[in-house]
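Asks: Model the following, please.
(2 chains)
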There are 2 protein chains.
Amino acid sequence: MQRKSFSNLMCPIARGLERVGEWWSILILRDAFYGLTRFDQFQKSLDIAPNMLTRRLNALVEEGLLERSQYCEKPPRFEYLLTERGRDFRPVLLAMLAWGNKHFAPEGEAVVLVDVKTGQQVNPVVVDANTGKLITGGEYAFAPGPAATEGFHRRMALREQV
Amino acid sequence: MQRKSFSNLMCPIARGLERVGEWWSILILRDAFYGLTRFDQFQKSLDIAPNMLTRRLNALVEEGLLERSQYCEKPPRFEYLLTERGRDFRPVLLAMLAWGNKHFAPEGEAVVLVDVKTGQQVNPVVVDANTGKLITGGEYAFAPGPAATEGFHRRMALREQV
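Replies: Take a look at the predicted model:
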């Protein structure tokens, strides 16, 4: 994944994407939330080539989203566990789940999110934690934060958001 | 992007990812939310090779996330506008923004989300629309939905979620 431009370096979305890497990595994270921890479990679930899986797991460990932990000494066996940084990726997956279910499940929803205690289906939406209000277009906008450089301020000022 | 396994076919996250495509596409969508609409604007913002940008824009149009609209007849000029499906991707970007700001902005936040009227910074979190409760691990879990096949039910039953 190449770093291409200054604006991408500043943007937290680009930075996040850079760490997640790509498609496979997001599905590995998804499976980690499903409770999978071992190489063979991920491989079976994803039907991914072993060398590719090794590469993606190592990258996720390097970026601090998973940690490699030995669960057996003889023979040495390792598992991959979500770190705090990895667990904090959950809202992205939930938003993706809602979007996928709304737009790409013409035959109905195959996966839903439920409240474990009540079994009730849950509808994940993004709100402002301070007000509880749904974040939609128009009322909310991206803006330069405290660490934005002058150049970044200028770029942002040129943009009219939707 | 290859379809590899049955579980990926059923999973709305995998289906969503499949449509978004990859890294560039997500940044194009981000820029579309910033109000960019024209080829040259995207190119300048992303510093992306024209043939790559053409490919990504065409894919986003094909998947129904952007629509191509003529805004000038002579010479013929087109712009790319977010469709409803594209606009519905916003929560994914907001969740990504929050995650990137929390974990990959050691020098402080360069981009924040603000309430346009008040200028107050907004903290995007994912909650259950029905109860307003924050969705965290433990209390919520993925479960088979109405369209899940028997095989998918079996796979899900084997998983212990975190």
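
Asks: Please, where are all the strands along chain A?
Replies: In chain A, the strands defined using DSSP state E lie at A:66-72, A:77-82, A:111-115, A:121-122, A:124-128, A:140-144.

Asks: Pull out the buried residues from stretch A:73-85.
Replies: Buried residues in stretch A:73-85, defined by neighbour count with 16 or more other C-beta atoms under 10 Å in any protein chain shown: A:79-80, A:82-83, A:85. For every residue, glycine as well, the C-beta is placed using N, CA and C.

Asks: quick one, which residue of chain A lies the farthest from its center?
Replies: residue A:74 (34.1 Å; C-alpha atoms, centre = their mean).

Asks: Please list all residues in contact with that one.
Replies: Listed by C-beta atoms under 8 Å, 6 or more residues apart in numbering or on different chains, the contact set of residue A:74 is empty.

Asks: Can you give me the end-to-end span of stretch A:30-50?
Replies: 18 Å (C-alpha to C-alpha, to the nearest Å).

Asks: next one: stretch A:132-142
Replies: 18 Å.

Asks: which of the buried residues of stretch A:73-85 lies closest to chain B?
Replies: Closest to chain B out of the buried residues of stretch A:73-85 is residue A:85 (5.1 Å), distances taken as C-beta to the nearest C-beta.

Asks: isn't that closest one right up against residue A:61?
Replies: No. With contact defined as C-beta atoms under 8 Å, residue A:85 does not count as touching residue A:61 (11.1 Å).

Asks: Would you report the backbone torsion angles of residue A:49?
Replies: phi -60, psi 140 (degrees, to the nearest 10).

Asks: Tell me how many other residues surround it.
Replies: By other C-beta atoms under 10 Å in any protein chain shown, the residues close to residue A:49 number 12.

Asks: Tell me, what's the model's pLDDT at it?
Replies: Looking at residue A:49, its pLDDT reads 92.

Asks: now it: how far from residue A:37?
Replies: 20 Å (C-beta to C-beta, to the nearest Å).

Asks: how about the helices in chain A?
Replies: With helices called from DSSP state H, chain A shows them at A:6-10, A:12-20, A:23-33, A:39-46, A:50-62, A:84-87, A:90-103, A:150-157.

Asks: Residue B:42: which of the ones you listed is closest?
Replies: Closest to residue B:42 of those, according to C-beta to C-beta: helix A:6-10, at 11.8 Å.
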